[in-house]
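> Next one to model:
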Amino acid sequence: MSKEIELLAPAGTNETFWAAIENGADAVYLGLKDLNARALARNFSVEEVAGLTDAAHSRGRKVFVAMNSLVREDEIPKAVGVLSALEAIKVDALIIQDLGLWRLARRYFPGLRLHASTLMAVHNSYGVKMAKRMDFSRVVLAREMTLDEISAAAVAAAIETEVFVHGAMCFSYSGLCFFSSYFGGKSGLRGRCVQPCRRRYTWEGKTGAYFSMGDLSGLDVVDDLRRIGVRSLKIEGRLRPPSYVASVVKAYRMVIDHPGDVDVLSAAWELVQGAFGRAYTKGYFHNDTPGDAILPWRMTNTGVFIGKVLDYKRGQLLVDVRLDLELGDRLRIVYRDRKSQQSFLCTGLIETEDGQVWIKTGGLLKDPRGALIFRADTARGIGFERSAARVYMVNKASFTAIMKKAHIEAQDVLMNMPAGLRSSEAGRFVKKQASIDVWVRIPEPRALTLTKDFDIKGAILPITPWNLRSLKGRVRTWLNDMEIVWSLPAIIHEAEMAFYKEALKRLVRQGFGKFEVANLGALAVLEEVLSDKDLKRQRRKATIFGFYTLNLLNSQALIGAKGLGVDIPQFSIETDQENARCATNSAPFVQTAFTVFSYIPVVTSRIALKNFNYLGPIISPKGERFYWHREAGRGVLLSEKPFSLLNKQAELKDAGFSIWIIDLSYRIKSKHMPRGRTGGPALLRIPAKAFNFFDRLE
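The predicted model follows:
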């Protein structure tokens with residue numbers, strides 16, 4: 001790939017857009033008011049995007065639009081209209097994760113250049129190969145990759161790669177987090193995350209921010225990423241103020257333009273240190289288990305620590321200030337419970353004889369004695385925000401004409417996709433069956449004893465060294481009694497790839513023909529194995545299932561997955577009943593699976609936290625209980641309350657699901673977990689949640 005490297009900056013407001021442009025960004029990414037993964041940002045109308053795109057193009061810069069939210073079935077008409085409009089105004093690229101949007105864009109709007117969002121969890125070379133096969137122009141790699149893994153991905157296919165180098169990090173792999181959705185219906189995959197990972201949790205009597213990551217800074221690896229062949233360096237921060245964006249963009253511009261200059265690097269570090277982020281970490285670039293990424297005992301807030309509140313009188317705080325303040329600084333107070341906080345502008349400063357300072361606040365709601373004070377922005381930064389408030393207007397007549405044409409094209413698309421299928425495609429799909437098949441997911445063959453009470457079609461087993469060894473001897477005779485689906489995990493690190501490829505070849509040679517993929521990269525691995533000349537005859541017999549981490553939330557996504565080779569896609573576990581019913585009715589020829597019972601991994605992380613063991617519960621501020629489970633190379637956080645619809649069979653049939661999956665992968669050490677055989681009656685007795693199924697998914 002080219003050694004030229006792009007600096008890509010965030011814009012959540014008009015002011016941050018200009019802060020990025022004026023400080024050296026080559027491209028800016030921003031979101032619309034709907035259908036993007038930062039719904040809490042101000043975001044932009046289509047007309048504003050048109051104006052900013054013209055402004056950027058006049059300066060030789062680019063605008064990418066993040067349309068990276070999962071789309072509900074009832075949002076498809078709106079999505080089609082937006083796609084048509086963005087193609088008409090000639091944005092430089094569209095960032096997406098939803099396979100439904102991908103299918104619509106590639107089929108009906110070929111003028112749109114597509115970037116695969118980091119929410120697609122592309123984390124290895126095969127994920128990059130699949131993105132290339134899907135005609136993406138660029139893939140945004142997962143933040144959890146080392147430099148060696150990024151290097152392997154960058155040369156895997158003739159496609160651009162983009163890497164996050166600065167800003168907030170998530171404890172979970174992007175695209176594999178259900179934390180916010182499971183405990184409040186606010187889906188992070190739909191841009192509504194309420195950041196439960198930033199809260200303080202209790203474990204064995206100790207309270208800490210066990211899941212709150214520091215902010216990433218990759219200034220030191222800019223030259224390495226250029227050498228590897230990465231095309232774009234991405235700064236996170238669509239919710240950040242303009243002063244933050246200005247400082248960080250300027251710092252990275254300096255380092256990009258002066259490779260190898262240690263003095264410039266030092267000056268750039270000074271700039272970002274004053275940008276009011278969290279404590280910095282170098283992330284995974286040099287270490288796949290970074291020890292500095294999480295420090296549970298530090299504060300999770302952004303900003304620079306000022307001091308502790310010593311006294312409070314008539315709207316004034318007495319603080320032992322540790323740095324100079326200015327009138328107009330934006331400050332944040334974190335109260336003694338370390339849970340609640342409040343922001344305000346500094347309206348006055350009175351220094352005492354012993355060096356302490358009274359800060360005028362304009363009034364606070366409760367006694368702040370013992371609270372901590374942070375500076376979130378400077379008066380100079382806020383002044384910059386006002387000075388940067390310019391508007392680039394589009395030509396109204398021209399814009400109206402363009403939008404009218406785009407609207408007509410969108411309506412034409414909608415009229416020609418009544419069920420999401422062209423007549424020429426229908427023959428490739430199998431009519432959904434009327435009967436229900438039940439499959440049970442188990443961790444190993446010995447767990448088959450847990451399924452004796454179930455009337456099941458077969459078992460889903462993960463591909464592990466232990467399970468492969470179990471194919472010899474007595475266990476193999478157990479497996480011959482039922483159908484087996486062999487499952488590839490959602491995360492396959494580059495170093496693990498050889499094992500999984502050889503395992504798949506062995507299983508195919510032994511006559512197994514059903515497999516499950518939880519990531520598009522895993523699909524690429526499986527397709528490569530099945531296309532091997534010695535195994536090619538088996539491809540016609542193979543059946544590929546999809547796991548719910550493919551995040552299929554609408555009919556177009558189901559059809560898109562089917563077109564990629566997933567014979568039996570599984571619907572998103574986040575869905576509500578009405579959305580599922582509408583989606584399956586709009587894809588009548590797609591046989592759709594759904595998990596009906598599971599201890600859901602609400603978080604999947606590369607960090608194997610050493611603070612926890614699997615015996616003790618981790619308790620949230622609201623009293624919710626979780627259990628930490630370590631697997632090879634990753635960890636998952638499980639809720640004490642499983643997701644269960646076992647007693648809602650009529651509703652599941654109404655939703656259009658013909659394959660039901662009971663997931664017994666995890667057995668937590670909870671007082672609610674039945675001992676011994678896990679039959680249907682025992683599972684029904686466990687206190688459970690229905691997730692979003694009976695409440696509209698937000």
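> Quick one: mean pLDDT for stretch 555-571?
Mean pLDDT, computed over stretch 555-571, is 97.
> what's the first-to-last distance across that stretch?
Terminal residues of stretch 555-571 are spaced 10 Å apart (C-alpha to C-alpha, to the nearest Å).
> roughly how far is it from the heart of the chain?
What separates the centre of stretch 555-571 from the centre of its chain is 20 Å, taken as C-alpha atoms, centre = their mean, to the nearest Å.
> cool, stretch 146-154 as well?
Centroid displacement of stretch 146-154 relative to its chain, using C-alpha atoms, centre = their mean, is 20 Å.
> same question, stretch 119-131
Its chain's average C-alpha position is 13 Å from that of stretch 119-131, according to C-alpha atoms, centre = their mean.
> got the end-to-end distance for that stretch?
13 Å.
> what do you get for stretch 228-247?
26 Å.
> check contacts around the nearest residue to A25 once chain neighbours are set aside.
Using C-beta to C-beta, 6 or more residues apart in numbering and skipping the chain neighbours, the partner closest in space to A25 is A9 (3.7 Å). Backbone N, C-alpha and C define where each C-beta goes, glycine included. With contact set as C-beta atoms under 8 Å, 6 or more residues apart in numbering, A9 has these partners: 20, 25, 27-29, 235, 237, 245, 248-249.
> can you do 10 Å?
By C-beta atoms under 10 Å, 6 or more residues apart in numbering, the contact set of A9 is 16-17, 19-21, 23-30, 61, 166, 233-238, 245-246, 248-249, 252-253.
> Given the helix or strand hosting it, what are its sheet partners and their directions?
Element membership for A9 (DSSP states H and E) is strand 6-11. When pairing is defined by DSSP bridges, strand 6-11 lines up against strand 27-31 (parallel), strand 232-235 (parallel).
> What ranges does the stretch 501-650 of the chain have for its strands?
Secondary structure of the stretch 501-650 of the chain (DSSP state E, counting those that start in this stretch): strands located at 514-517, 543-546, 593-598, 601-605, 618-619, 625-631, 634-639, 643-644.
> and the third one, what does it pack onto?
Contact partners of strand 593-598 among helices and strands, from 3 or more C-beta pairs under 10 Å, 6 or more residues apart in numbering; DSSP states H and E: strand 437-441, strand 643-644, helix 649-654, strand 659-663, helix 680-684.
> hmm, 7 Å instead?
strand 643-644, strand 659-663 (3 or more C-beta pairs under 7 Å, 6 or more residues apart in numbering; DSSP states H and E).
> Direction included, what does the last one pair up with?
If I follow you right, that is strand 659-663. Strand 659-663 has the following strand partners under DSSP bridges: strand 437-441 (parallel), strand 593-598 (parallel).
> for the strand ranked longest in the chain, which positions count as buried?
Secondary structure of the chain per DSSP state E: the longest strand is strand 304-313. Neighbour-count burial for strand 304-313 flags 304, 306-309, 312 (criterion: 16 or more other C-beta atoms under 10 Å).
> residues in contact with whichever helix or strand L52 is part of?
Using DSSP H and E, L52 sits in helix 46-58. The contact list for helix 46-58, computed with C-beta atoms under 7 Å, 6 or more residues apart in numbering, reads 17, 21, 28, 32, 62-63, 65, 85, 89-91, 392-394, 399.
> Widest-spaced pair of those?
Farthest apart among the contacts of helix 46-58 by C-beta to C-beta are I21 and A85. That separation is 22.5 Å.
> before we move on, back to that, show me what the helix or strand just after the longest strand of the chain is packed against.
Downstream of strand 304-313, the next assigned helix or strand under DSSP H and E is strand 316-319. If you count contacts as 3+ C-beta pairs under 7 Å, 6+ apart, strand 316-319 packs onto strand 304-313, strand 357-360.
> And the average pLDDT for strand 316-319 is what?
90.
> Name the residues that touch it?
306-311, 356-361, 368, 373.
> what about the longest helix in the chain?
Longest among the helix segments of the chain by residue count, using DSSP state H, is helix 396-415.
> where's the nearest residue to V319 once chain neighbours are set aside relative to Q356, distance?
With sequence-adjacent residues excluded and distances taken as C-beta to C-beta, 6+ apart, V319 is closest to G307, at 4.6 Å. As judged by C-beta to C-beta, to the nearest Å, G307 and Q356 stand 9 Å apart.
> Quick check: neighbours shared by those two?
Shared contacts of G307 and Q356, defined by C-beta under 7 Å, 6+ apart, comprise 319-320.
> Could you pull out the helices in the stretch 51-200 of the chain for me?
76-89, 99-108, 125-133, 147-154, 179-182 (DSSP state H, counting those that start in this stretch).
> Report the rounded mean pLDDT for the last one.
Across helix 179-182, pLDDT averages out at 93.
> quick one: P259 and S266, what's the gap?
Distance from P259 to S266, by C-beta to C-beta: 14 Å.
> more neighbours, those two?
P259 (13 against 10; other C-beta atoms under 10 Å).
> That one in helix, strand or coil?
coil (DSSP: H, G, I helix; E, B strand; the rest coil).
> now stretch 273-280: mean pLDDT?
75.
> Render the CA-only coordinates of it in PDB, please.
The C-alpha trace of stretch 273-280 is given here as PDB (Å, rounded to 0.1, in the frame of the first residue of the first chain):
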ATOM      1  CA  GLN A 273      -1.400  16.200  27.600                       C
ATOM      2  CA  GLY A 274      -3.300  19.500  27.800                       C
ATOM      3  CA  ALA A 275      -6.300  18.200  25.800                       C
ATOM      4  CA  PHE A 276      -8.400  17.100  28.900                       C
ATOM      5  CA  GLY A 277      -8.700  13.400  28.200                       C
ATOM      6  CA  ARG A 278      -8.400  10.500  30.600                       C
ATOM      7  CA  ALA A 279      -5.000   9.100  31.700                       C
ATOM      8  CA  TYR A 280      -3.300   7.900  28.500                       C
END
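> What segments of the stretch 401-550 of the chain are helices?
423-426, 465-469, 474-479, 497-509, 520-530.
> who does the residue nearest to A25 bridge with?
Taking DSSP bridges as the rule, A9 bridges to V28.
> Pull up the gap between it and E22, please.
Taking C-beta to C-beta, one finds A9 at 11 Å from E22.
> Just give the nearest non-adjacent residue to N551, would you?
Closest to N551 by C-beta to C-beta, 6+ apart is S572, at 5.4 Å.
> Test my guess that Q342 contacts I333.
Yes - between Q342 and I333 there is a contact at 5.3 Å, judged by C-beta atoms under 7 Å.
> Those two: which is more packed in?
Between Q342 and I333, counted using other C-beta under 10 Å, the more crowded position is I333 (22 against 15).
> mind pulling up the phi and psi values for the more buried one?
Backbone torsions for I333, taken as degrees, to the nearest 10, come to phi -100, psi 130.
> That one against P368, yeah?
Yes - I333 is within contact range of P368, at 5.6 Å (criterion: C-beta under 7 Å).
> Could you tell me which residues make contact with the most centrally placed residue in the chain?
What sits nearest the mean C-alpha location of the chain, by C-alpha atoms, centre = their mean, is S174, with 2.6 Å. Residues near S174 by C-beta under 7 Å, 6+ apart: 118-119, 121, 142.
> how far away is Y666 from L349?
55 Å.
> okay, the two: which has more neighbours?
Y666 (19 against 16).
> Doesn't the more buried one lie inside a helix?
No - looking at Y666 with three-state DSSP, it is coil, so not inside a helix.
> what's the pLDDT at it?
For Y666, the predicted pLDDT is 86.
> Please name the nearest non-neighbouring residue to it.
Y599 (4.4 Å).
> All set, thanks.
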